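> Give me a model of this one.
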Amino acid sequence: MRHCSLLARPKIVPRSLLSKLQIQMGKARIPRVLLGTSPFIGAGQFGRRAAFYYNYFYENPKNIVKIIHKAVDLGVTGVQALPFRPIFGAFKGCGERTEGQINHRRHDRSRRSHE
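Model (predicted):
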(Lines give C-alpha, C1' and ligand atoms only; values in the text may rest on other atoms or scores of the structure.)
Protein backbone atom coordinates (compact mmCIF):
# COMPACT_ATOMS: atom_id res chain seq x y z
CA MET A 1 0.00 0.00 0.00
CA ARG A 2 1.36 3.40 -0.90
CA HIS A 3 2.28 6.02 1.68
CA CYS A 4 -0.57 8.25 2.83
CA SER A 5 0.41 11.89 3.33
CA LEU A 6 -2.82 12.80 5.15
CA LEU A 7 -0.92 13.43 8.39
CA ALA A 8 1.10 16.38 7.08
CA ARG A 9 0.97 19.37 9.40
CA PRO A 10 -0.43 22.52 7.79
CA LYS A 11 1.70 25.62 8.33
CA ILE A 12 -1.01 28.27 8.04
CA VAL A 13 -3.24 28.35 11.16
CA PRO A 14 -1.75 28.10 14.68
CA ARG A 15 -3.36 25.56 17.01
CA SER A 16 -4.35 28.20 19.54
CA LEU A 17 -6.29 30.13 16.89
CA LEU A 18 -7.90 27.06 15.37
CA SER A 19 -9.34 25.88 18.69
CA LYS A 20 -10.86 29.34 19.33
CA LEU A 21 -12.69 29.64 16.00
CA GLN A 22 -16.30 29.09 17.02
CA ILE A 23 -19.79 30.24 16.06
CA GLN A 24 -22.33 31.17 18.73
CA MET A 25 -25.81 29.78 17.96
CA GLY A 26 -28.15 30.38 20.84
CA LYS A 27 -26.50 28.83 23.87
CA ALA A 28 -24.31 26.52 21.81
CA ARG A 29 -20.75 27.26 20.69
CA ILE A 30 -20.01 25.34 17.52
CA PRO A 31 -16.46 24.91 16.17
CA ARG A 32 -15.92 26.48 12.74
CA VAL A 33 -13.45 23.75 11.84
CA LEU A 34 -14.70 20.17 12.01
CA LEU A 35 -13.01 16.86 11.34
CA GLY A 36 -15.03 15.39 8.48
CA THR A 37 -15.37 11.63 8.27
CA SER A 38 -16.34 10.96 4.62
CA PRO A 39 -12.84 9.72 3.73
CA PHE A 40 -13.12 7.16 6.53
CA ILE A 41 -15.94 5.35 4.68
CA GLY A 42 -14.45 5.74 1.20
CA ALA A 43 -17.33 7.97 0.10
CA GLY A 44 -18.03 8.20 -3.62
CA GLN A 45 -17.17 11.89 -3.98
CA PHE A 46 -13.49 10.89 -3.79
CA GLY A 47 -13.72 9.12 -7.15
CA ARG A 48 -10.79 6.80 -7.84
CA ARG A 49 -9.33 7.50 -4.38
CA ALA A 50 -12.50 6.18 -2.65
CA ALA A 51 -11.34 2.56 -2.71
CA PHE A 52 -7.95 3.53 -1.27
CA TYR A 53 -9.63 5.53 1.52
CA TYR A 54 -12.02 2.66 2.26
CA ASN A 55 -9.17 0.16 2.57
CA TYR A 56 -6.90 2.55 4.46
CA PHE A 57 -9.48 3.81 6.97
CA TYR A 58 -12.69 1.73 7.11
CA GLU A 59 -10.86 -1.58 6.98
CA ASN A 60 -8.14 -0.32 9.39
CA PRO A 61 -9.73 1.87 12.11
CA LYS A 62 -6.31 2.37 13.75
CA ASN A 63 -5.62 4.75 10.86
CA ILE A 64 -8.76 6.71 11.78
CA VAL A 65 -7.41 6.97 15.32
CA LYS A 66 -4.16 8.46 13.96
CA ILE A 67 -6.11 11.14 12.08
CA ILE A 68 -8.23 11.95 15.15
CA HIS A 69 -5.11 12.34 17.30
CA LYS A 70 -3.46 14.54 14.67
CA ALA A 71 -6.60 16.69 14.35
CA VAL A 72 -6.68 17.20 18.13
CA ASP A 73 -2.96 18.03 18.11
CA LEU A 74 -3.68 20.68 15.46
CA GLY A 75 -6.46 22.23 17.57
CA VAL A 76 -9.57 20.75 15.94
CA THR A 77 -12.31 20.47 18.54
CA GLY A 78 -15.35 19.34 16.52
CA VAL A 79 -16.35 16.33 14.47
CA GLN A 80 -18.98 15.73 11.83
CA ALA A 81 -19.21 11.99 12.40
CA LEU A 82 -21.04 9.68 10.02
CA PRO A 83 -22.97 6.81 11.68
CA PHE A 84 -20.63 3.92 10.90
CA ARG A 85 -19.27 1.46 13.47
CA PRO A 86 -15.54 1.85 12.54
CA ILE A 87 -15.80 5.64 12.98
CA PHE A 88 -17.38 5.47 16.43
CA GLY A 89 -15.06 2.62 17.40
CA ALA A 90 -12.08 4.79 16.46
CA PHE A 91 -13.34 7.66 18.63
CA LYS A 92 -13.79 5.27 21.55
CA GLY A 93 -10.29 3.95 20.84
CA CYS A 94 -8.77 7.41 21.23
CA GLY A 95 -9.32 7.16 24.96
CA GLU A 96 -8.03 9.73 27.40
CA ARG A 97 -5.86 11.53 24.85
CA THR A 98 -8.91 13.27 23.35
CA GLU A 99 -11.11 13.27 26.46
CA GLY A 100 -12.82 16.65 26.68
CA GLN A 101 -11.03 18.00 23.60
CA ILE A 102 -13.58 16.97 20.98
CA ASN A 103 -17.05 18.51 20.99
CA HIS A 104 -19.88 16.23 20.03
CA ARG A 105 -23.64 16.51 20.15
CA ARG A 106 -26.13 13.72 19.74
CA HIS A 107 -28.84 14.59 17.28
CA ASP A 108 -32.11 14.24 19.16
CA ARG A 109 -34.91 13.65 16.66
CA SER A 110 -37.54 13.89 19.40
CA ARG A 111 -36.89 17.65 19.65
CA ARG A 112 -37.59 18.20 15.96
CA SER A 113 -40.78 20.12 15.36
CA HIS A 114 -43.38 18.24 13.32
CA GLU A 115 -45.35 20.88 11.47
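> Helices of the chain, start to end?
15-18, 50-53, 61-74, 85-93 (DSSP state H).
> Deepest in the core, which of those is it.
Ranked by mean neighbour count under mean count of other Cβ atoms under 10 Å, the helices of the chain are led by helix 61-74, which reaches a mean of 18. Just so you know, the C-beta spots here come from the backbone N, C-alpha and C atoms, and that holds for glycine as well.
> other SSEs contacting it?
With contacts defined as 3 or more Cβ pairs under 8 Å, 6 or more residues apart in numbering; DSSP states H and E, the packing partners of helix 61-74 are helix 15-18, strand 34-36, helix 85-93.
> For residue 51, find the nearest of those.
The stretch from the helices and strands packed on helix 61-74 with the least distance to residue 51 (Cβ to Cβ) is helix 85-93; that distance is 15.7 Å.
> how close does the spatially closest residue to residue 18 that is not a sequence neighbour sit to residue 50?
Nearest in space to residue 18, with sequence neighbours left out and distances taken as Cβ to Cβ, 6 or more residues apart in numbering, is residue 75 at 3.5 Å. Counting by Cβ to Cβ, to the nearest Å, the gap between residue 75 and residue 50 amounts to 28 Å.
> Equivalent analysis for residue 71, please.
Relative to residue 50, residue 71 is positioned 21 Å away (criterion: Cβ to Cβ).
> cool, residue 26 as well?
Residue 26 sits at a distance of 37 Å from residue 50 (criterion: Cβ to Cβ).
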